[in-house]
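In: from the sequence below, what's the structure:
(chains A and B)
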There are 2 protein chains.
Amino acid sequence: MARFLITAGPTREYLDGVRFLSNASSGRMGMALAEAILEAGHTVDLVVGPVEVAVPAGCEVVRVETTRQMYDATLARLEYADIVIAAAAVCDFRPAVLREGKLKKTGERLLLELVETEDILAEVCRRKEHRFVLGFALEAADGPAHARRKLRDKGCDAIVLNGPSAIGVDATSISLLTADGAGEWSLTGSKREVARRIVEWTLVQNTRGL
Amino acid sequence: MARFLITAGPTREYLDGVRFLSNASSGRMGMALAEAILEAGHTVDLVVGPVEVAVPAGCEVVRVETTRQMYDATLARLEYADIVIAAAAVCDFRPAVLREGKLKKTGERLLLELVETEDILAEVCRRKEHRFVLGFALEAADGPAHARRKLRDKGCDAIVLNGPSAIGVDATSISLLTADGAGEWSLTGSKREVARRIVEWTLVQNTRGL
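Out: Sure thing, here's the model as predicted:
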């Protein structure tokens, strides 16, 4: 039995008490992965941002909102994991200042200073040791080139590349690239089908590495 | 039979192909209002931002994403309405520039220029004629003062004041303020119960105005 640690859903970075930066990630891919893992008889620690979709029964769940919270929750659970799948669509930027209350319209333009958030995947990879780490890359253009760079820069074992069209919908079309260059294959189907194939493949990779 | 026009849910304002500014509005209050109106035998035109909650059967629905889209869809349907309830949590700011693709981390701070979005409620009120218009104000602090100013500045007939704690959850606690100063009352309960009371009250106001 393998222990999986999954991150899923978006994160949110607030600029005031009401408004935030985020993206349309629904968490469906992460939930589909968790379901496939549980069905295959393994365990799941799930760190999930704000999503409306139901979490599969049987997961250990930590709900978070911001990138910092997801970073802390993920690293705190890393030591118990055999395999990490970082499927969350993390918000890469946060407002430098969090304003209290609700920012009012003034009729003027407003300059919002953004700073980069914690890099969860890179930090997981720095501390990964024997663990197999699968990242996700959401790329709008030049997908394979960006995904290959991300794979190398972050130091994960493999990366799933998908496009903005996968956000918030059930069907998906992904490519999977490995760090050793051994494989690059594509999958199209429902997130449930694609998730099952990814999980099967990940388990084989993990066995090889042990 | 009265014809209602309702706006509901959040809007999103993109800074690139993936990331946006928004808020956590779930659309539940708008859906509860629509349900209460349909149950009372009236009709609903619903203009709704991106939400995961189900839209009650029997509504005429237009799904939108940005404030500009909600503005256009709402004004296009205004002439058919007797009563307008603006329950949407509109994103008041949008990035001045929409970048193509996905903004990359550079290690540098980033300045995002924001400009104000269309004021849907104010424009509805400018064109309202005989229509009864109920706005919503989400205020973090000094709620009654801000709501009273919004009521006056936008020119609506009444306004529902609620706080950030109402966002995304089922229970709510609101105050209702009228332009003529005749009433200010508070309601606490499920969004379903509160919505039914608001709709009943709105129908009485509409009858008085005819």
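In: got the contact list for stretch A:76-85?
Out: By CB atoms under 8 Å, 6 or more residues apart in numbering or on different chains, the residues outside stretch A:76-85 that reach it are A:2-7, A:30, A:33, A:45, A:47, A:62, A:124, A:127-128, A:131-134, A:136, A:198, A:202-203, A:206. The C-beta positions use only the backbone N, C-alpha and C, and glycine is treated the same way.
In: ends of that stretch, what's the gap?
Out: End-to-end distance for stretch A:76-85: 15 Å, by CA to CA, to the nearest Å.
In: quick check: mean pLDDT across it?
Out: Averaged across stretch A:76-85, pLDDT comes to 97.
In: now do that stretch: distance to the chain's middle.
Out: 14 Å (CA atoms, centre = their mean, to the nearest Å).
In: check which residues of that stretch are buried.
Out: Along stretch A:76-85, these residues count as buried under the neighbour rule (16 or more other CB atoms under 10 Å in any protein chain shown): A:Arg77, A:Leu78, A:Ala81, A:Asp82, A:Ile83, A:Val84, A:Ile85.
In: can I get these in a markdown table including distance to B:Lys102 and secondary structure?
Out: As requested, those are arranged in a markdown table below (distance: CB to CB, whole Å; DSSP: H, G, I helix; E, B strand; the rest coil):
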| residue | distance to B:Lys102 | secondary structure |
| --- | --- | --- |
| A:Arg77 | 28 | helix |
| A:Leu78 | 27 | helix |
| A:Ala81 | 28 | coil |
| A:Asp82 | 31 | coil |
| A:Ile83 | 27 | strand |
| A:Val84 | 23 | strand |
| A:Ile85 | 21 | strand |
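In: and which of those is nearest B:Glu116?
Out: A:Ile85 (40.6 Å; CB to CB).
In: low-confidence ranges, chain A, go.
Out: A:166-168, A:208-210 (pLDDT under 70).
In: for chain A, longest helix please?
Out: helix A:191-209 (DSSP state H).
In: for it, give me every contacting residue.
Out: Residues from elsewhere that reach helix A:191-209 (CB under 8 Å, 6+ apart): A:2, A:28-29, A:32-33, A:35-37, A:39-40, A:42, A:82-83, A:85, A:130, A:132, A:134, A:157-158, A:160, A:170-172, A:174, A:176, A:187-188.
In: in it, which residues are buried?
Out: So for helix A:191-209, counting by 16+ other CB under 10 Å, buried means A:Lys191, A:Arg192, A:Val194, A:Ala195, A:Arg196, A:Ile198, A:Val199, A:Trp201, A:Thr202, A:Leu203, A:Gln205, A:Asn206.
In: using PDB, list the CA coordinates for stretch A:48-56.
Out: The C-alpha coordinates for stretch A:48-56 follow below in PDB (Å, rounded to 0.1, in the frame of the first residue of the first chain):
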ATOM      1  CA  VAL A  48      -7.200  21.300  -1.000                       C
ATOM      2  CA  GLY A  49      -7.900  24.900  -1.700                       C
ATOM      3  CA  PRO A  50     -11.400  26.400  -1.800                       C
ATOM      4  CA  VAL A  51     -13.500  24.200  -4.100                       C
ATOM      5  CA  GLU A  52     -17.200  23.300  -4.300                       C
ATOM      6  CA  VAL A  53     -16.700  19.700  -5.500                       C
ATOM      7  CA  ALA A  54     -17.100  16.900  -3.000                       C
ATOM      8  CA  VAL A  55     -14.000  15.300  -1.500                       C
ATOM      9  CA  PRO A  56     -14.000  11.500  -1.900                       C
END
